[in-house]
Structure formats: structure tokens, C-alpha cells
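**Student:** whatever this is, show me its structure:
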Amino acid sequence: MGHEHVMMTTEAWELSSLAHKISNIHGHLKHHLDLCNNHINEKKHIEAYLTLIRIMDTPHLDNNKPLKHLIYLKDDQLPLYDSSTKNRVSIDILKKKIVLLLISDLDLPPEELTVLDQMYREAKQNPTRPESQYEVVWLPVVSNHRTTPWTEENQVKFEGLRNMMPWYSVFHPSLLDRAVIKYIKEVWHFNHKPLLVVMDPQGRIVNTNALHMMWIWGSVAFPFTSLREEALWREETWRIELLADSIEPMIFNWIADGKYICLYGGEDIEWIRKFTTTAQAVARRAGIPLEMLYVGKSIPREKVRKNNEIIRAENLSYVLPDTTLIWFFWVRLESMLHSKLQHGKSFDEDPILREINVMLTYDGNDQGWAVICRGSNDWMRRANGETVLTSLTNYKEWQDEAQQRGFLPALNDHLDANRPPHHCNRLILPGTTGSVPEGVVCAECGRSMERFFLYRCCTD
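**Tutor:** Residues are numbered from 1 along each chain as shown. All right, here's what the predicted structure looks like:
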């Protein structure tokens, strides 16, 4: 028994040692197999990325092939989702159409979605119009679903956004391959902020971000190319329709009736009270019909909401019914700035760009401001809150001139003559619509402004 026990123990030890060696060999081979698979997958990823670049840069008869390389066709399943019918549809439904690719993550700002939704629905009300001949497809770019778990919370958020959209979307974010996400980020420069990439019927990318055009002109910007953008700017002047667009339909009635129109903003409710009551009193003395509209600030915080309530309750002026419209007023101005700069315009040569700069500078400062005009083709007079309130308060000084030359020319001369000494201004660009310009001139004196990075909290 002793000898047999020793033999069994020896055999057990040898088996254990052999199992350990085999386990080590297996682990070593598995490690190298994983490395090989990762290397193969990475090579496939690079190859797919290069193929996508080649496909997107190659002319095609239609947009079918580029779209099928952007949206992964899995097991012959229909890759698109039509929220109007709640059904999955084929990419072929987009064939030979202008396609706007809405690219965002799951944190798509509700204001942007609301305004885009309204513009899209208005365009589709008359589908026979040329500017209605486009489709929108949402491509949600999320964290790599192969390395980051896709949670139930993500799914609920995705479906909630998808069902709010009246256009097409991919049925699931996993239908966007790693190579496609890499292409979207590196070639189209997507970085959290939404993009609206335009693909023409032949599959060519004619604009890597048409959001500027959409915010400024809506569907009138069709077919959303850079050439169309340049043509639209050649037709524009600095007028009330460009500044206010359709944020308040009554503006067009005021223009038709020949009324004087004043847009003003800021957060100081005491200045707002003084300015509106003084302006209306001066208008009565001058015998001119004046309408006033409050447009707040670019970030409509709680102060702006309270101001809206106070202005409405005290009947100080008109207000916009929704803070989304206040947001839209300012995001259009930012879009104008970036659109102009992208086309190589400078502050020295472009009068519209200078006026846009002034408006954004007003918003970056704490005090109020106002612009006043009359009619569609009238160049708007503007000033910061202190200057315009002082000129209106001292109306007696230029009353006679206003009767002889007209109210606005006399006001403009008085504003210029009583402009305060140069002081520091701020230009705050939240970066929601494009890159920050390299050089900006002061809205007051025309000097180049020193460049800093400004981080600002959106809460009171």
C-alpha cells in the first residue's frame, strides 16, 4: 500500500503539473489569438474607413451606394425608421433625393429639435414646391456600443428622441459602424454639437453643416449648398426682416403699416421699465406709431422668464410667447456670424458682419440695448441701454430737428454725438454653431479685441 500510495501521489503531481503547463500554454495562445483578432479587426476597421472615404469622394449615379456605406445593412433588415408610420423602411426611399443628415448624440438640445421640427413640417405642407424636395435622416452618434454597454436608459432616451422626429432615423445606433463614426468625427468634424450634412441626389457632400443656413433662411436655403449661401447673402441688407425673421409674425404687419419698430433686450428689469415708458412717451410727443418687442438674452435664464411675465403684466411692450423663440433669435445671429466668417468676410469690408458683431457684443454685456427702424428697407439704428435711454430722456434737445429731418435721422445724430467714452466690451460665443473667429473688433471703437477664453455658467 505504501508503494502504491507513493505512485499515485507522483502521478497526481505529474498530472497537476501537466495541467498547469497546458493551462499556461492555453492562456498564452489565447492571449496571442486575441491580439491577432484585435489586429485583424483593427485592419478591417482601417480598411472600412478608407473604403468609406473613397466611396464618399467618388461620383455616383445616385446616392444609394454612399448611403448604404454610411448605414450598415444587417441581415437584410430595413435600416431606417419612419416615425410617421412607425415602420422600418429601406434606404431606397431616399434614392435620388437631397438628403440632410442630422448628426447628434442623445443630448440633442430640445430647442434645436423644436425649431427644426417646425421648419420641416412647414416645408412639407406644400410638397410640390422645389424647396420642399428634401428628406432628413437622423444619425445618432453614441459611445462605441462594442465597448460601452448599451443600457435600457440609453434605449429609452433614443426611442424618445426618435419618436419626436417627423423625419427618418436609423433604426438603432448600432447600425452606424465604427468606421462611419470615425469618418463623421474626423472628416465632418462632429464634436457633440449637432451637424446638418447635405448630400445631393448623386451622393456628393455639398455642405458639411447647413445648420447656419437653416437657422437664417429656413427652407428658402434649398438646396443648402455653399453657392446658395453666397447667393442669399448677396441679396441681403441689414434690415428688420433679416434680424427678426419670423420670430414674431406681427412684425410684418407693423412693417406694412409703416410703424416704427424697436427690438430691445437685457436682464435689468428697472432699465426695461425706464426705457419702455420713456420710449413710448417720446413716441407720443413725436407723433409716431411705435411698437416694441423684448428679445431677452441668448441664454434665456430665469431672469428673462420673470422679465417676460413682468413686461406682460405691466403692459410695457410685446414679448415672445416662448423662450425657445428667444433662443432662436440669438442662435440665428451666431449663425450669421459664423456663416459670414466661413465665406472669408472681414469686419472691415462687410457692414452686415459689423452689425452682427455689435448685437452679439450687446448680448455679452450686462446692460440693455435697443435697435429702432421703420419699414423693410430702413437701416436700423442701435445703441446700448445707457446711451439710448439718455437720448430719449433728452428728447427736447433734438425735438425740432426730429420734426424737420425725421425722427430716426435726428435720433441717430444725437446718439453719435453723445456716445460715451470707449469702454471694455465682451463678446460671448457659446460655440453652438461653429468655430470661434480668430479676430474680432470692438463694437464701439473698431479696435481689435484681445482674445481670452471665457467659461460661463448658464445658471443664475
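**Student:** pull out the buried positions in the helix or strand where residue 329 lies.
**Tutor:** Per DSSP states H and E, residue 329 falls inside helix 323-342. Applying a neighbour-count criterion of 16 or more other CB atoms under 10 Å, the buried positions in helix 323-342 are 323-341. Heads up, the C-betas are built off the backbone N, CA and C, glycines and all.
**Student:** quick check: what element follows it along the chain?
**Tutor:** Trace forward from helix 323-342 with DSSP H and E and the next one is helix 351-364.
**Student:** just the pLDDT for residue 178.
**Tutor:** The predicted local confidence for residue 178 comes out at a pLDDT of 90.
**Student:** would you confirm that it contacts residue 45?
**Tutor:** Yes - the criterion here is CB atoms under 8 Å, and residue 178 meets it with residue 45 at 5.5 Å.
**Student:** which of these two has more neighbours?
**Tutor:** Counting neighbours by other CB atoms under 10 Å for residue 178 and for residue 45 shows that residue 178 has the greater number, 17 against 14.
**Student:** how does this structure divide into domains?
**Tutor:** Domain ranges of the chain: 64-223, 240-417, per automatic domain parsing.
**Student:** measure the last one end to end?
**Tutor:** Separation of the first and last residues of domain 240-417 by CA to CA, to the nearest Å is 24 Å.
**Student:** ditto for stretch 243-250
**Tutor:** One end of stretch 243-250 to the other measures 14 Å (CA to CA).
**Student:** who touches it?
**Tutor:** Counting by CB atoms under 8 Å, 6 or more residues apart in numbering, the neighbours of stretch 243-250 from elsewhere in the structure are 216, 218, 251, 263, 291, 293, 295, 318, 320, 325, 328-329, 332-333, 359, 371, 380.
**Student:** tell me the mean pLDDT over that stretch?
**Tutor:** Mean pLDDT, computed over stretch 243-250, is 88.
**Student:** for stretch 368-378, same thing?
**Tutor:** Taken as a whole, stretch 368-378 has a mean pLDDT of 87.
**Student:** span of that stretch from start to end?
**Tutor:** Start and end residues of stretch 368-378 are separated by 22 Å (CA to CA).
**Student:** lowest mean pLDDT among the helices and strands of this protein, which one is it?
**Tutor:** Taking mean pLDDT, DSSP states H and E as the measure, the chain has helix 2-57 as its least confident helix or strand, at a mean of 84.
**Student:** report all helices and strands that that helix contacts.
**Tutor:** helix 64-70, helix 178-186 (3 or more CB pairs under 8 Å, 6 or more residues apart in numbering; DSSP states H and E).
**Student:** so how far is that helix from its chain's centroid?
**Tutor:** 49 Å (CA atoms, centre = their mean, to the nearest Å).
**Student:** also stretch 366-382?
**Tutor:** When distances are taken as CA atoms, centre = their mean, stretch 366-382 is centred 25 Å away from the chain's centroid.
**Student:** which outside residues touch that stretch?
**Tutor:** Here stretch 366-382 makes contact (CB under 8 Å, 6+ apart) with 237-241, 243, 255, 258-268, 271-272, 275, 279, 355, 358-359, 362-363, 383-386, 388, 408, 411-412, 415.
**Student:** where does this protein have low pLDDT?
**Tutor:** By pLDDT under 70, the weakly predicted segments of the chain are 1-3, 5-6, 75, 143-148, 420-460.
**Student:** mind listing the strands for it?
**Tutor:** For the chain, the strands defined by DSSP state E cover 80-82, 87-89, 98-104, 134-140, 168-170, 195-199, 205-207, 260-265, 290-294, 318-319, 369-374, 381-384.
**Student:** list the pairing partners of the shortest one within its sheet, with orientation.
**Tutor:** For strand 318-319, the paired strands and their directions (DSSP bridges) are strand 290-294 (parallel).
**Student:** what lies in contact with the strand it pairs with?
**Tutor:** 244, 248, 250-251, 254, 259-265, 272, 276, 279-280, 283, 307-308, 311, 316-320.
**Student:** ok now it, how far from the chain's centre?
**Tutor:** With CA atoms, centre = their mean as the basis, strand 290-294 stands 27 Å off its chain's centre.
**Student:** and the angle from it to helix 323-342?
**Tutor:** Regarding strand 290-294 and helix 323-342, their directions subtend 90 degrees when assessed with axes from the mean of the first three to the mean of the last three CA atoms, to 10 degrees.
**Student:** what angle do strand 290-294 and strand 369-374 make?
**Tutor:** Here the directions of strand 290-294 and strand 369-374 differ by 140 degrees (the same axes, to 10 degrees).
**Student:** returning to that earlier point: okay, the strands of the chain in TSV with mean neighbour count and distance to residue 232 next?
**Tutor:** TSV is the format used below for these (neighbours: other CB atoms under 10 Å; distance: least, CB to CB, whole Å):
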stretch	mean neighbour count	distance to residue 232
strand 80-82	20	31
strand 87-89	12	33
strand 98-104	22	17
strand 134-140	21	16
strand 168-170	21	27
strand 195-199	23	15
strand 205-207	18	13
strand 260-265	24	22
strand 290-294	21	25
strand 318-319	19	28
strand 369-374	23	21
strand 381-384	23	23
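**Student:** now the ones you listed as a markdown table including distance to residue 403?
**Tutor:** As requested, those are arranged in a markdown table below (distance: least, CB to CB, whole Å):
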| stretch | distance to residue 403 |
| --- | --- |
| strand 80-82 | 63 |
| strand 87-89 | 67 |
| strand 98-104 | 53 |
| strand 134-140 | 52 |
| strand 168-170 | 60 |
| strand 195-199 | 50 |
| strand 205-207 | 51 |
| strand 260-265 | 15 |
| strand 290-294 | 16 |
| strand 318-319 | 27 |
| strand 369-374 | 16 |
| strand 381-384 | 18 |
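**Student:** closest to residue 150 out of these?
**Tutor:** Go through the strands of the chain one by one with CB to CB and the one that ends up closest to residue 150 is strand 134-140, at 11.6 Å.
**Student:** the closest one - contacts with which helices or strands?
**Tutor:** Packed against strand 134-140 by the contact rule (3+ CB pairs under 8 Å, 6+ apart) you find strand 98-104, helix 110-124, helix 152-164, strand 168-170.
**Student:** would TSV of these with distance to residue 74 be doable?
**Tutor:** Conversion of those to TSV gives the following (distance: least, CB to CB, whole Å):
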stretch	distance to residue 74
strand 98-104	19
helix 110-124	27
helix 152-164	17
strand 168-170	11
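**Student:** perfect, that will be all.
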